[in-house]
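A.B. asks: sharing a model prediction with you, sequence too.
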Amino acid sequence: MTLIVGMSKAEGIYMSTDYRVTDARTGKLIDDSSVKFLSVRYPPDDGGPTALFAYTGLAILPDGTPTGTWMRETLRGESELFVTSMAHLQARLDRDIAHLGHALIINVLAVEGQRRYGGALSNLRMVQKKLRLMDAFDFQMNELIDPFVFVNGSGSARALPISTWTSSRLSFSCALGDHSIT
C-alpha cells in the first residue's frame, strides 16, 4: 500500500510518502524501508527549480531494482533544465517500464521562484470512466495558482475519505485507490 500526500501553497511545496512495499497480489510485506520520494534541484544553483517526486504503483523492477533507485539513477548525472529532465524521464519510462504491464504514477511538485507547478507521469488513463493501463507514459504539468492538496496511492481513499472533500479553496486528486477521482 502506498500513501502520498502533497501540498502547494505560497510558502512552498511539500510532499510526504510512506516507505512500505507490499505484494499487490497477496498483501504480504516485502520491505518496510523503501524510498518512494526524491528531491531534485535544477540549475542554475542560485534560483533554479526544485522538484519533489513520489511514486505509487510498480515498486520493484523485474531485475530487482527498487523504483525509487531507478528514478534517482535516471535523473542524476549531467545537470539539465527541468523540462529536459522531464522529457528524459518520460522517454526512460517508455523504454524501461511501459512494456512491463504494471501501473506507475510519478507525482511531481515543482517550485521556481514564486511559481508552483503540479503534475505527474503516468501510464494510467481514464477511458470511458474506467482507469486503463496504457503502453506509454503521459506527462502533464500545470501551474498551481491557488493552494493545492493531493493524495495518491492505494491508501489515499482511507486517508482522505471522499466525504471530507468539501473545501472550495483546495483541489484534490486520488488515483489507484478504492476510488479513481480527479
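C.D. replies: That came through fine. All values reported here derive from a predicted model rather than from experimental measurement. Numbers count the residues shown, from 1 in each chain.

A.B. asks: which residues are contacting the strand or helix carrying residue 95?
C.D. replies: Assigned by DSSP states H and E, residue 95 falls within helix 82-96. Under the criterion C-beta atoms under 8 Å, 6 or more residues apart in numbering, residues 40, 42, 48-49, 51, 61, 70-71, 74-75, 80, 104, 106, 108, 110, 112, 121, 123, 136-137, 139, 141 lie in contact with helix 82-96. No exception for glycine: its C-beta is placed from N, CA and C like everyone else's.

A.B. asks: only alpha carbons, please: show stretch 98-110 as PDB.
C.D. replies: Provided in PDB are the C-alpha atoms of stretch 98-110 (Å, rounded to 0.1, in the frame of the first residue of the first chain):
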ATOM      1  CA  ALA A  98       5.800   0.800 -20.100                       C
ATOM      2  CA  HIS A  99       6.100  -2.700 -21.600                       C
ATOM      3  CA  LEU A 100       6.100  -4.400 -18.200                       C
ATOM      4  CA  GLY A 101       2.300  -4.100 -17.900                       C
ATOM      5  CA  HIS A 102       2.200  -2.600 -14.400                       C
ATOM      6  CA  ALA A 103       0.700   0.700 -13.300                       C
ATOM      7  CA  LEU A 104       3.100   3.500 -12.200                       C
ATOM      8  CA  ILE A 105       2.300   7.100 -11.300                       C
ATOM      9  CA  ILE A 106       5.100   9.500 -10.500                       C
ATOM     10  CA  ASN A 107       3.700  12.700  -8.900                       C
ATOM     11  CA  VAL A 108       5.700  15.900  -9.300                       C
ATOM     12  CA  LEU A 109       5.600  19.200  -7.400                       C
ATOM     13  CA  ALA A 110       8.000  21.900  -8.500                       C
END
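
A.B. asks: let me see the mean pLDDT of it.
C.D. replies: In this model, stretch 98-110 has a mean pLDDT of 95.
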